[in-house]
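Chemist: okay, predicted coordinates and the sequence, questions at the end:
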Amino acid sequence: MAETVTLSGKTVPGLLASLDPLLREWLPRQRWFAGKGRPVTGFSLVAATELLPAESRLGLYHLLVRARQGPGPGDCYQLLIGVREALPPRLAPALIGHVAQGPLTGRTVFDALYDARPAEVLLEALRTEARVGVLRCERDPGQEIRPGLVPRRLTGEQSNSSVVFGDTFILKLLRRVVPGVNPDLELPLALAREGCPRVPPPTAWLRADLGESHGGDGQDEDGSYVLGVLQPYLQGAADGWELALRELAKGEDFTAEARALGRATAEVHGALARALPTATLGHGQTGHMVEGMTERLDAAAQAVPALRPYAPALRTAFTALADLAAEGRTWTAQRVHGDLHLGQCLRTSSGEWTLIDFEGEPARPLAERRMPQPTVRDVAGMLRSFDYAAHSADPPDPGWAHACRAAYCSGYAEAAGADPRADPVLLRAYETDKAVYEVVYEARHRPDWLPVPLSAIHRLAAPDLP
Ligand SMILES: Nc1ncnc2c1ncn2[C@@H]1O[C@H](COP(=O)(O)OP(=O)(O)O)[C@@H](O)[C@H]1O
Ligand SMILES: O=P(O)(O)O[C@H]1O[C@H](CO)[C@@H](O[C@H]2O[C@H](CO)[C@@H](O)[C@H](O)[C@H]2O)[C@H](O)[C@H]1O
């Protein structure tokens, strides 16, 4: 049984003075730091909540800080800062630094998510729907959370940070946060209401309620931030990326799984279309969409020189779509996953495919991520992912990707009643847009992987070559 704890909720004057020089060094080194490549020039505090006072053996602070990087207010990050006299060796990888100034002088601060006690404190707060400082915990009254579940931090490369509790729940704490409705909570809640079994239903969630606008990136700005979501942990589930690589290494066929994944995607799309508003994209909206794709391509070509020679040919994928719209073609749009790839698909121990991580592409503005879009966008993401897997194999196996891509589209068509391949212009535009995104993503986060999306760019730029 978890030890009960009273969360302090105090604010701490001067806290940032203690942390600033250490965070400047530490923050840019984190996998989830979104502003890679530009130095952090300073911080401003959006909110600080003391959970456990620093005078106790373990101090714990919840922080929302903006990291300035050049002009503009900078991105806002969620940090859970632990404070101890000294770190035990098991917490060495969590070290942020030794404080030399301000109220925490002489103490050691660390990323508290590496430690069990802070994670227990968070779970207990969610379980009891605690309200402390600006933090608000809410939960689904229909799901039980047993007290005292043992936490374990996930160690994989992530855009956010996750903790598993007793193999029963997983808590994802968002790292770069923006005010407004977050699709990572909004869509799973809507799907749960719709009774869709393909997505784990949110059990509890954490928000910061700042009451007034604090500068965000879109129309949804309302001073309320979604900070984390607790959901059932699918014990024994395997992620699609690892499964695909395993089958590739063995030279095994993956088309049955690809087909099942296509069906699962179509079912989730069906439920989203029932749960949330849809739209028709006419000439104007399609033009806007094409403009966005073209702008992203231009920005990507600026940022990644290897993309430049392909830009004119890639642009034709977008102009072809604009031409169809000019002839009067329209498309149905609805809420979609927004960043679907094999790593977002979990195959449960009973063999069912489940989709996770509805945050959308983290780098895009929230308002854009929440806009209705053609479902082909997710299909394109998955098609790209089969290609990624095949090109990560040694030697690359384009035939494997080709077979999986076809099987995925067939599975999708079976469940949706419409085959994404029936609209090749739309599909090519979205696949191109996704490959361009991936080029930028890899250049920024994993330069060694850049050849993978670039090989697709090469093919997409010359679609008629064999
Ligand atoms: N409900 C779940 N059950 C089991 N594992 C999960 C679940 N949700 C997420 N995971 C694991 O956690 C990892 C990170 O989750 P994800 O939502 O993709 O976070 P991020 O946005 O940080 O990438 C996933 O790749 C998956 O392995
Ligand atoms: O899962 P995230 O929300 O963090 O998504 C980001 O990271 C992904 C990589 O971890 C990245 O996906 C790309 O690499 C995958 C293999 O690692 C591949 O399956 C995907 O098809 C490819 O796009 C994703 O784009 C990015 O947003």
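Modeler: Done, it's in. Ligands and ions are numbered 1, 2, ... in the order given.
Chemist: if I pick residue 409, what's in contact with it?
Modeler: Residue 409 makes contacts with 262, 379, 383, 419, 420, 421, as judged by C-beta atoms under 8 Å, 6 or more residues apart in numbering. C-betas here are computed from N, CA, C, even on glycine.
Chemist: so the residue nearest the centre of the chain, which of the three states?
Modeler: Nearest residue to the geometric centre of the chain (C-alpha atoms, centre = their mean): residue 359, 4.6 Å. Following DSSP: H, G, I helix; E, B strand; the rest coil, we place residue 359 in the coil state.
Chemist: what comes into contact with stretch 321-334?
Modeler: Residues outside stretch 321-334 that contact it (C-beta under 8 Å, 6+ apart): 269, 272-273, 276-283, 285-287, 289-290, 371-375, 423, 425-426, 429.
Chemist: among those residues, which ones are buried?
Modeler: Among the contacts of stretch 321-334, those classed as buried by 16 or more other C-beta atoms under 10 Å are 269, 272-273, 276, 281, 285-286, 289-290, 371-375, 423, 425-426, 429.
Chemist: mind listing which of the residues you listed are in helices?
Modeler: Secondary structure from DSSP state H places 269, 272, 273, 285, 286, 289, 290, 425, 426, 429 of these in helices.
Chemist: need the pLDDT of the fifth one.
Modeler: If I follow you right, that is residue 286. Note for residue 286: predicted pLDDT of 95.
Chemist: can you count the residues close to the spatially closest residue to it that is not a sequence neighbour?
Modeler: By the measure of C-beta to C-beta, 6 or more residues apart in numbering, the closest residue to residue 286 outside its immediate chain neighbours is residue 325, 3.7 Å from it. Residues lying near residue 325 (other C-beta atoms under 10 Å) number 20.
Chemist: helix, strand or coil: sort out the residue of the stretch 51-200 of the chain at minimum distance from ligand 2 for me.
Modeler: Ligand 2 sits closest to residue 159 of the stretch 51-200 of the chain, with a gap of 3.5 Å, by C-beta to the nearest ligand atom. Here residue 159 is coil, with the state taken from three-state DSSP.
Chemist: I'd say it and residue 362 touch.
Modeler: Yes: between residue 159 and residue 362 there is a contact under C-beta atoms under 8 Å: 5.2 Å.
Chemist: one step back: next SSE after the helix or strand hosting the residue nearest to residue 286?
Modeler: Residue 325 is part of helix 311-326, with elements assigned from DSSP states H and E. For helix 311-326, the following helix or strand on the C-terminal side (DSSP H and E) is strand 331-333.
Chemist: pull out the buried residues from that next one.
Modeler: Residues of strand 331-333 classed as buried: 331, 333 (neighbour count, 16+ other C-beta under 10 Å).
Chemist: next: stretch 150-167.
Modeler: Residues 151, 159, 160, 161, 162, 163, 164, 165 are the ones in stretch 150-167 that count as buried (16+ other C-beta under 10 Å).
Chemist: quick one: what helix or strand has the residue lying closest to residue 138 once chain neighbours are set aside in it?
Modeler: Using C-beta to C-beta, 6+ apart and skipping the chain neighbours, the partner closest in space to residue 138 is residue 205 (5.6 Å). In this structure, residue 205 sits in strand 204-209 according to DSSP H and E.
Chemist: name the residues that touch that strand?
Modeler: With contacts defined as C-beta under 8 Å, 6+ apart, strand 204-209 is touched by 47, 64, 122, 125-127, 129, 134-140, 143, 145, 173, 177, 185, 223-230.
Chemist: just the ones of these in strands?
Modeler: Per DSSP state E, strands hold the following members of the contacts of strand 204-209: 47, 64, 135-139, 173, 177, 224-230.
Chemist: among those, who's most crowded?
Modeler: Highest neighbour count within the ones in strands among the contacts of strand 204-209, by other C-beta under 10 Å: residue 230, with 28 neighbours.
Chemist: against residue 153, how distant is that residue?
Modeler: Residue 230 sits 15 Å away from residue 153, taking C-beta to C-beta, to the nearest Å as the criterion.
Chemist: before we move on, back to that, okay, now the sheet partners of the strand holding residue 205, with direction.
Modeler: Paired neighbours of strand 204-209 in the sheet (DSSP bridges): strand 135-139 (antiparallel), strand 224-232 (antiparallel).
Chemist: closest point of the stretch 1-150 of the chain to ligand 2, which residue?
Modeler: residue 32 (8.5 Å).
Chemist: which helix or strand contains that residue?
Modeler: Per DSSP H and E, there is no helix or strand for residue 32.
Chemist: correct me, but it touches residue 160?
Modeler: Yes: counting by C-beta under 8 Å, residue 160 is a contact partner of residue 32 at 5.9 Å.
Chemist: identify the contacts common to these two.
Modeler: With C-beta under 8 Å, 6+ apart as the test, residue 32 and residue 160 both reach residue 175.
Chemist: ends of stretch 97-109, what's the gap?
Modeler: Taking C-alpha to C-alpha, to the nearest Å, stretch 97-109 runs 6 Å from one end to the other.
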